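# Everything below, folded, please.
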Amino acid sequence: MKNSSCLFLALISLLLIEVHPILAQGQSKTVDPDSPVVSFGPTPKEALLLGEKDAGRLVIIDPETLEVVARIPAGGNLHELATDGRYVYIGSNLPGITVVDAIAQKRVDPIDISAFGNRHAITFAGNHLYIGHENNRLISRYDPASKTFDEVIGLPGGSHMLIVTPDENRIFTASSNGQLISIIDRVTNDRGRENFVFHNFPGDTRMEGMALSPDGTEFWVLHMHEKKLSIINVSEMKLVDTISFEGD
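Below you'll find the model as predicted:
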């Protein structure tokens, strides 16, 4: 990822996607995370959430008017952002996971992840926040209702990126340090005990993109160093094609 300002866009109740710095304004210097929130009005029922990487602010935008509603200091080097529809979970240079109440427009208590190591990937699915700890090859699952971690999954490779299905029964991840792509199924055995089944595929030392087709039948992973895309048939758990490309 380039060092220039990088923004993250999320429709508060629907999705999270990474976007280019289309709203960067000049040179963005990191603001003091304890500086005041700048608010221009209440958060709308549906809002765009945008993370200013270098400035270290969460920006709330009204998607109807495209006007900025609030700018909330959240720590420099914003890198990941996920939401459950009200709370926004952010990876930054502040300890743990920074949490912002988008309705109240303020930071609340962060999530302590020191037991699992530094995070990279963050995503929200079902009723849980999933956090990828790439260096320690773990995925932790946080329950915001109880404010506890209720699950930790060990991985054969790390978790540089992360997709979890809404029912939380399937996890897609790709590592850089482990050079693996993994699809993990949550299954229940005859005794009612949950287990995880791993399907692993060869990866790269820099995997910087993943996408799941809308019908869930194909999983695409981008290998930056090898300059190729892996296409996996999810129902067959089979690598069906690779596409080479030129450029960055």
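
# What's the separation between Q179 and F201?
10 Å (CB to CB, to the nearest Å). (Glycine included, C-beta is placed from N, CA and C.)

# Kindly apply the preceding question to R193 instead.
When R193 is compared with F201 (using CB to CB), they lie 27 Å apart.

# okay, the two: which has more neighbours?
The neighbour comparison of R193 against F201 (other CB atoms under 10 Å) goes to F201, with 16 against 8.

# now the spatially closest residue to the more buried one that is not a sequence neighbour, which residues is it bridged with?
Excluding the flanking residues, the one nearest F201 by CB to CB, 6 or more residues apart in numbering is I181, at 4.2 Å. For I181, the beta-bridge partners are A174, F201 (DSSP bridges).

# roughly how far out does stretch 115-131 sit from the chain middle?
Centroid separation between stretch 115-131 and its chain, computed with CA atoms, centre = their mean, to the nearest Å, is 8 Å.

# average model confidence for that stretch?
Average pLDDT, stretch 115-131: 94.

# okay, that stretch in PDB with CA atoms only?
C-alpha atoms of stretch 115-131 as PDB (Å, rounded to 0.1, in the frame of the first residue of the first chain):
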ATOM      1  CA  ALA A 115      -3.300 -11.300  24.200                       C
ATOM      2  CA  PHE A 116      -3.300 -12.100  20.500                       C
ATOM      3  CA  GLY A 117      -0.800  -9.700  18.900                       C
ATOM      4  CA  ASN A 118      -1.000  -6.900  16.400                       C
ATOM      5  CA  ARG A 119      -3.900  -6.900  14.000                       C
ATOM      6  CA  HIS A 120      -4.100  -6.500  10.200                       C
ATOM      7  CA  ALA A 121      -7.500  -7.600   8.800                       C
ATOM      8  CA  ILE A 122     -10.700  -6.500  10.500                       C
ATOM      9  CA  THR A 123     -14.300  -7.400   9.400                       C
ATOM     10  CA  PHE A 124     -17.700  -7.600  11.000                       C
ATOM     11  CA  ALA A 125     -20.000 -10.500  10.300                       C
ATOM     12  CA  GLY A 126     -23.200 -11.800  12.000                       C
ATOM     13  CA  ASN A 127     -22.800 -10.600  15.600                       C
ATOM     14  CA  HIS A 128     -19.000 -10.600  15.900                       C
ATOM     15  CA  LEU A 129     -15.900  -8.700  15.000                       C
ATOM     16  CA  TYR A 130     -13.200 -10.900  13.400                       C
ATOM     17  CA  ILE A 131      -9.600  -9.800  13.700                       C
END
